[in-house]
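1. Any chance you could fold what I've pasted below:
(chains A and B)
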Amino acid sequence: MAKRVGIEVSLAVSHAVQLARAEAIAAYPITPQTHIVEHLSSLVANGDLEAEFINVESEHSAISACIGTSAAGARTYTATSSQGLALMHEILFIASAMRFPIVMAVANRALSGPLSIWNDHSDIMGARDIGWIQVFVENGQEAFDHSIMAFKIAEHRRVLLPMIVNLDGFILSHVVEALEFADQDTVDRFLPSYSPWHHLDPKKPVTMGAFGMPEIFAEFKMKHQVTLMNSYDQIMKVWQEWGQLTGRDYHPVEHYKTEGAKVLLLTMGCLSEVAEIAVDELRSAGESVGLLKLRLWRPFPFAALREAINGAELVIVCDRALSVGGVGGPVLAEVRSVLYPMASRPKVLGYIIGLGGRDVPPEAFKEIFSQAQAEAEQEPSEEFYMYGVRG
Amino acid sequence: MLEIRFHGRGGQGAVTSVELLALAAIEEGKFAQGFPSFGPERRGAPVLAFLRIDDHHIRLRCKIAQPDVVTILDPSLIRIQKPAADLKTNGIIVLNTNKSLAEARQEYGFKHTLALVDANHIAREVLGVLIVNTTMLGALIKATGVVKVDSLEHPLRERFGPMAAKNFAALKAAYEKTVVEEARP
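-> Numbers count the residues shown, from 1 in each chain, chains lettered A, B, ... in the order given. Next up, the predicted model:
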């Protein structure tokens, strides 16, 4: 039986990992991911989770150890944030290229400097191209659900790719809220134990992580690209299966009051629910506005996004990260690029919000909505806009 | 939705308070969010903690800008944090003080509905330590009726184990002794 509980979201994530019966965890604590791994560490120490918890001296070692345990055939989990994710950087590419289905939570936090421990998406945007599956969640329930589903997606034999569950640091990770825990039986039936295609075994030697000579490197990359794009089908299957078990349905692009909307806001992560409030109020005031919430970041849901945007006149992309010196936000760049081939496409404007823990109340989305409409009526004055930033 | 902000000092347990109250509200079938003011908090430094309670899933992910209730664990924070400044007109101030209602109004210039309790005294007597967070929950419940007193028993037991009974006793003592006075605009 599912159980309604009140719990800090970080702890809910650790319980999800416990229910998923992770067998190996290697992690280094970093704010605001700390509570996830601290709690996992006590679950292991208290005998409530039968897993190897490997204490390491850095995130570089954490993800390296994860590669080791995954290579040995263990269901492997880790979590990090910000500078920790940055320190993992070189190994992240290796984990996906070697096709290890490691699951990682990233409690999203700004990258320094200036030194900031607060929430935005600049950490994960720095790791955009690592070849992992990446999703964003909006609340504690989603953080719990996706932490379980991620294992089933990653470990499927047609996928075998690592997966990141992004949850906003502090404004989601540190909130005590209500959610529903699935029970162990349900999770066990949903998620069978990991059965690796190959694993390290002295009796049956294999080579892992071999050289890629120029004659094969590009073919290898092509295979990685095709596999990551093909993982989409398996992601859909797993989400549907979970939806049937729990009644909670997930889609690569979530729609909120988009019917007939001329203007669409587009967000990612837990500020999406804040934007919903703004959309409710704008709709009540007679505005033709809806909200698209991008859940699946990699593989990018090209078709779903084109379909979702079809018919809108203006799309306002709200990014939580800044590509300094570039076109603005990474999501903006992606969305514009996806829409460009469409014969009839809306105007797309980008706003950067909530950097480094800047508070984003519903009023912010309402203001962005009216500013963007004014901008869209003329030749836009900027490539993108930094919302609410003092000059 | 009810939005409550706690004013305390690092180490006084303001965050624990909002967590316990959130858990109690959730046990009653409501929805709640309890969260700290995020940052590198230090012992003794002023801190804030936030609590939202509603009958529906709460979608806000921002600070509480205009609270319905402020709970002040340490009156020395009033001059620093000005907790009543952004309190809603019909809001409630719950204050830990040994002053009378008239004295408190005069000293701090509070015009809102005011709930007072000498939580320091209760905490010293019942808990034997000067940590007033659970005691002040009794005052907050008296002033707002936001949850039932009994709904705190289970969250307290989960959090404090053998120390739960004393904390619950302090909470109930504060509930009994809290005086509430309507706004004096």
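2. Enumerate the residues of chain B near chain A.
-> Contact residues, chain B versus chain A (C-beta under 8 Å from any C-beta of the partner chain): B:18-19, B:22-23, B:25-27, B:30-36, B:38-40, B:57-63, B:65, B:155. Bear in mind the C-beta positions are built from the backbone N, C-alpha and C, glycine included.
3. So which of these sit within strands?
-> Taking DSSP state E as the definition of strands, the residues of chain B next to chain A contribute B:31-36.
4. Pick out the one among the residues you listed with the largest number of neighbours.
-> B:Q33 (30 neighbours; other C-beta atoms under 10 Å in any protein chain shown).
5. beta partners for that residue?
-> A:E177, B:R52 (DSSP bridges).
6. Redo the ones in strands among the residues of chain B next to chain A as JSON lines? Include pLDDT.
-> Below are these laid out as JSON lines (pLDDT from 0 to 100):
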{"residue": "B:F31", "pLDDT": "98"}
{"residue": "B:A32", "pLDDT": "98"}
{"residue": "B:Q33", "pLDDT": "98"}
{"residue": "B:G34", "pLDDT": "97"}
{"residue": "B:F35", "pLDDT": "96"}
{"residue": "B:P36", "pLDDT": "91"}
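7. And the nearest residue to B:L137 once chain neighbours are set aside, how far from chain A?
-> Closest residue to B:L137 apart from its sequence neighbours, by C-beta to C-beta, 6 or more residues apart in numbering or on different chains: B:L171 at 5.2 Å. The spacing between B:L171 and chain A, counted by C-beta to the nearest C-beta, to the nearest Å, is 18 Å.
8. tell me what the lowest-mean-pLDDT helix or strand in chain B is packed against?
-> Lowest by mean pLDDT, DSSP states H and E among the helices and strands of chain B is helix B:78-81, with a mean of 92. Under the contact criterion of 3 or more C-beta pairs under 8 Å, 6 or more residues apart in numbering or on different chains; DSSP states H and E, helix B:78-81 touches strand B:46-54.
9. near chain B, which residues of the stretch 1-150 of chain A show up?
-> Residues of the stretch 1-150 of chain A lying near chain B by C-beta under 8 Å from any C-beta: A:4-6, A:8, A:32, A:117-119, A:139.
10. Filter these down to the buried ones and hand me the ChimeraX line.
-> The buried subset of the residues of the stretch 1-150 of chain A next to chain B, as determined by 16 or more other C-beta atoms under 10 Å in any protein chain shown, is captured in ChimeraX by this line:
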select /A:5,6,8,32,117,118,119,139
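11. C-alpha coordinates for the helix or strand following the least confident helix or strand of chain B, CSV please?
-> Next along the chain after helix B:78-81, taking DSSP states H and E as the criterion, comes strand B:92-96. Output of strand B:92-96 as CSV, limited to C-alpha atoms (Å, rounded to 0.1, in the frame of the first residue of the first chain):
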residue,chain,number,x,y,z
ILE,B,92,-0.9,37.6,14.3
ILE,B,93,2.3,38.0,16.2
VAL,B,94,3.3,35.2,18.5
LEU,B,95,6.0,36.3,20.9
ASN,B,96,8.1,34.8,23.6
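12. Count residues in the vicinity of residue 130, would you?
-> With no chain named, the answer covers chain A. 22.
13. switch to chain B, that's the one I care about
-> 11.
14. Please apply the same query to A:D249.
-> 11.
15. host element of the residue lying closest to it once chain neighbours are set aside?
-> With C-beta to C-beta, 6+ apart as the criterion, A:D249 has its nearest non-adjacent residue at 4.1 Å, and that residue is A:G243. Here A:G243, judged by DSSP H and E, is contained in helix A:214-246.
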